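Visitor: Output the structure for:
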Amino acid sequence: ESPSKERKKPVRPVTPRLRKVLYLVLTLFGVLSANGLYLTSVTWLQYFTGEVFETHFYQLMFLAHLGLGLLLIAPVVAFGFIHMWRSKDRRNRRAVKIGYALLGIALLILISGLLLTRIGSFAVVNPTTRRVFYWMHLLAPLGAVWLYWLHRLVGPRIKWHIGRRVGMAIACFVALMVGFQASDPSRSGDEGPRDGQRY
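Guide: All right, here's what the predicted structure looks like:
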């Protein structure tokens, strides 16, 4: 059979190396989801109670959110565009279009997160603009999860049991952390130093 008549080998949309990048993206997204739900829960807890719960631990979690978010940029961009290029000619156009939308909303999450940071002279200070970026950053991950679910429905079989375990772990973590945050230290019966009472 002549080479001209040979069929082209189908391009694999996810190579073994690219799959490792995908696992890294999903892991970081899961950790960031737990971290973000904790930060959001504390914010709403303060809103409804009128009390301040932004302790030292909260600040550390906020710094972790920034660090993990910056760490997520490179693998998301690399996987997204390489996967998009390798999948652009696939026959299932619906899956391709959903993939484009998923990449777009992933970039929206990253960009809105960067715009909310205050790094040097690069800072969005207008309250209304920051509020828009905040809600974009808060709601876009929900859209990303939905689009990822739709995208995977046309691909390899979804391992639902893994998703349920991860979801339960995230829910338990957030519930424990928020419960710890909302607890009043004075209820524990521990007495602080007398010098601290005047503060």
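Visitor: Okay, strands next: where are they in the chain?
Guide: All strands of the chain, identified by DSSP state E, fall at 118-119, 122-123.
Visitor: Same list, these, but as CSV with distance to Arg165 please.
Guide: C-beta coordinates here come from the backbone N, C-alpha and C atoms, glycine included. Formatted as CSV, these follow (distance: least, Cβ to Cβ, whole Å):
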stretch, distance to Arg165
strand 118-119, 36
strand 122-123, 39
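Visitor: Any idea which of those gets closest to Ile170?
Guide: strand 118-119 (27.5 Å; Cβ to Cβ).
Visitor: Which pLDDT value does the model give His65?
Guide: We note a pLDDT of 93 for His65 in this prediction.
Visitor: my read: it touches Leu39, true?
Guide: Yes: contact criterion Cβ atoms under 8 Å: His65 and Leu39 qualify, at 6.2 Å.
Visitor: how about Phe133, what does it touch?
Guide: Applying Cβ atoms under 8 Å, 6 or more residues apart in numbering to Phe133 gives the contacts 112, 115-116, 124.
Visitor: Show me the residues you listed that map onto helices.
Guide: 112, 115-116 (DSSP state H).
Visitor: count of neighbours near Lys88?
Guide: 12 (other Cβ atoms under 10 Å).
Visitor: Thr55 too?
Guide: By other Cβ under 10 Å, 13 other residues sit near Thr55.
Visitor: give me phi/psi at it?
Guide: Note on Thr55: backbone dihedrals following degrees, to the nearest 10 are phi -80, psi -180.
Visitor: How about Arg91?
Guide: Dihedral angles (degrees, to the nearest 10) for Arg91: phi -70, psi -30.
Visitor: Would you map the helices across this structure?
Guide: 16-49, 56-87, 93-116, 127-153, 160-182.
Visitor: in this structure, which ranges drop under the pLDDT threshold?
Guide: Applying pLDDT under 70 to the chain flags the ranges 1-10, 120-121, 154-163, 181, 183-199.
Visitor: spatially speaking, which residue is in the middle of it?
Guide: By Cα atoms, centre = their mean, the chain has its centre lying nearest to Phe29, at 4.1 Å.
Visitor: how deep is the closest residue to it other than its chain neighbours tucked in, by neighbour count?
Guide: Distances taken as Cβ to Cβ, 6 or more residues apart in numbering put Leu72 closest to Phe29, at 7.1 Å, once the chain neighbours are dropped. Neighbour count for Leu72, taken as other Cβ under 10 Å: 21.
Visitor: ok, Leu72 touching Thr27?
Guide: No: counting by Cβ under 8 Å, Leu72 does not reach Thr27; the two are 9.9 Å apart.
Visitor: Tell me which of the helices of the chain sits most buried.
Guide: Mean neighbours per residue, mean count of other Cβ atoms under 10 Å, is largest over the helices of the chain for helix 93-116, with a mean of 18.
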